[in-house]
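[1] Fold the stuff below for me.
(2 chains)
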Amino acid sequence: MTHSEIQQHLLRYLDGDLPDEKMRQIREHLSTCPVCAERHTVLASLWLSESRLEKVKPSPFLWTRLQARIEEYEQTPAFVRDLKKILQGVLVHPFPTLAVIAAIVMGIYIGTPRQSQRHADGQLVGQASAKVEDLGLDQFDVVPPSALGRSLVEISSIQK
Amino acid sequence: MREQDLIKRIRANDPRAFKEVFDSNVTLIHNVCFRMLGNRQDAEDVTQEVFLEVHKSLKRFRFESKLSTWFYRIAVNRSLNHQRKKKLDRWLSLDFNAIEEGTENLDIPGANDESPSDLIEKKDTERIVQEAIGKLPERQRTALLLHRYEELPYQEIASIMDVTVASVESLLHRAKQTLAKELFPLKKDL
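    Below you'll find the model as predicted:
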């Protein structure tokens, strides 16, 4: 094993978290290499002496505060709680939310006709209206449909 | 069996049952939150949130895992969310120089009977180790904290983190490799 490999495995060695063969190789290396041995001593002083087993005691008022929050929760209407949850989700995961908003804005932008398109559409409508007037088709707008129907019945009875 | 009785009593709206759940798990939850977040105030806030969540969902608990595993899972997820939200707040307020997570107000538990020099030495050691652990990627840090401070077996860590046992081994392996590299210069700089 090289110095770098030994140094990489030192914390696992200190925790006894390596296969027996590797543990033996590192032990032998440390007894002959002052550089790795120094690193081992420094890491051991940190890793093994840190207060890993001592527990932190919570505040004695935690239960009282929790009870107050539970009461508050139970008095809040369900829809307000849901709304709060959604807003919290947006804050914790802002990027998917921003992506959805960006997609909606892009959709609106692409779906909205631009000025030139609106102008072209206006011209087309104008041309169509002129053609309708030329052919007299606009007269149909002032003749009520019921009158048209009656005329058709009369024409067909004359033909018979 | 005791856990099942407690849940039954909670389902029957026995107000003392939830207090019993709180009393027997509060230290465990608070410690996980403290290790994940690095300061007492945040740990207490998140511990409250965890128990609020437990209160909301306990009636629906189906014993697919141990009650403590479920508590750990909620505590880990809530702590990670809290940390992400704090980072985002800092980012949004453009306060890039704020103190890093895991290093502010770090309190050393149970150090009353030691001499001042021992206390300083211990505080330095604690700070260095916590600073290095705080810089690890989220998943490596979570696996390491559950293994090192809660002394949980790989199987339970895997269940809490919703990954395989092999993934837990790999996360711990990489975390310790990174720490071995990071810790040495930090101690030498003292």
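
[2] use CA for all of it now, contacts and neighbours both
    Will do.

[3] Show me what the strand or helix carrying A:Gly89 is packed against.
    When elements are assigned from DSSP states H and E, A:Gly89 belongs to helix A:78-92. Secondary-structure packing of helix A:78-92 (3 or more C-alpha pairs under 8 Å, 6 or more residues apart in numbering or on different chains; DSSP states H and E): helix B:67-92.

[4] Can you list the helices and strands that the helix it packs on packs against?
    helix A:78-92, helix B:15-37, helix B:40-57, helix B:154-161.

[5] which stretch in those helices has the least confidence?
    With a mean of 78, helix A:78-92 has the lowest mean pLDDT of the helices and strands packed on helix B:67-92.

[6] Show me what that one is in contact with.
    The contact list for helix A:78-92 (C-alpha atoms under 8 Å, 6 or more residues apart in numbering or on different chains) reads A:97, B:81, B:84-85, B:88.

[7] Where does pLDDT dip in chain A?
    A:51-54, A:92-93, A:136-148, A:158-160 (pLDDT under 70).

[8] Can you pull up the residues of chain A that come close to chain B?
    Contacts of chain A with chain B, taken as C-alpha under 8 Å from any C-alpha of the partner chain, map to A:7-12, A:39, A:42-43, A:46-47, A:49-59, A:62-63, A:65-66, A:69-70, A:91-92.

[9] which among those residues end up buried?
    Using 16 or more other C-alpha atoms under 10 Å in any protein chain shown as the burial test, the residues of chain A next to chain B include A:7-12, A:39, A:42-43, A:46-47, A:50-52, A:55-56, A:58, A:62-63, A:66, A:69-70, A:91-92 as buried.

[10] what secondary structure does A:Arg24 sit in?
    For A:Arg24, the secondary structure call by DSSP: H, G, I helix; E, B strand; the rest coil comes out as helix.

[11] Distance of A:Asp17 relative to B:Gln83?
    Distance, A:Asp17 to B:Gln83, using C-alpha to C-alpha, to the nearest Å: 30 Å.

[12] okay, those two: which has more neighbours?
    B:Gln83 (18 against 14; other C-alpha atoms under 10 Å in any protein chain shown).

[13] what angle sits between the helix or strand of chain B with the lowest mean pLDDT and helix B:15-37?
    Least confident element among the helices and strands of chain B, by mean pLDDT, DSSP states H and E: helix B:116-134 (a mean of 80). Calculated by axes from the mean of the first three to the mean of the last three C-alpha atoms, to 10 degrees, helix B:116-134 forms an angle of 90 degrees with helix B:15-37.

[14] elements contacting the helix or strand just after helix B:116-134?
    Sequence-wise, the next helix or strand downstream of helix B:116-134 (DSSP H and E) is helix B:138-148. The helices and strands touching helix B:138-148, judged by 3+ C-alpha pairs under 8 Å, 6+ apart, are helix B:15-37, helix B:154-161, helix B:165-188.

[15] What residues sit buried inside the first one?
    So the one you mean is helix B:15-37. Neighbour-count burial for helix B:15-37 flags B:17-18, B:21-22, B:25-37 (criterion: 16+ other C-alpha under 10 Å).

[16] could you give the angle of that helix to helix B:67-92?
    For helix B:15-37 against helix B:67-92, the angle by the same axes, to 10 degrees is 50 degrees.

[17] Does anything pack onto the host helix or strand of A:Ser4? Which helices or strands?
    Element membership for A:Ser4 (DSSP H and E) is helix A:3-8. Packing partners of helix A:3-8 (3+ C-alpha pairs under 8 Å, 6+ apart): helix A:34-47, helix B:165-188.
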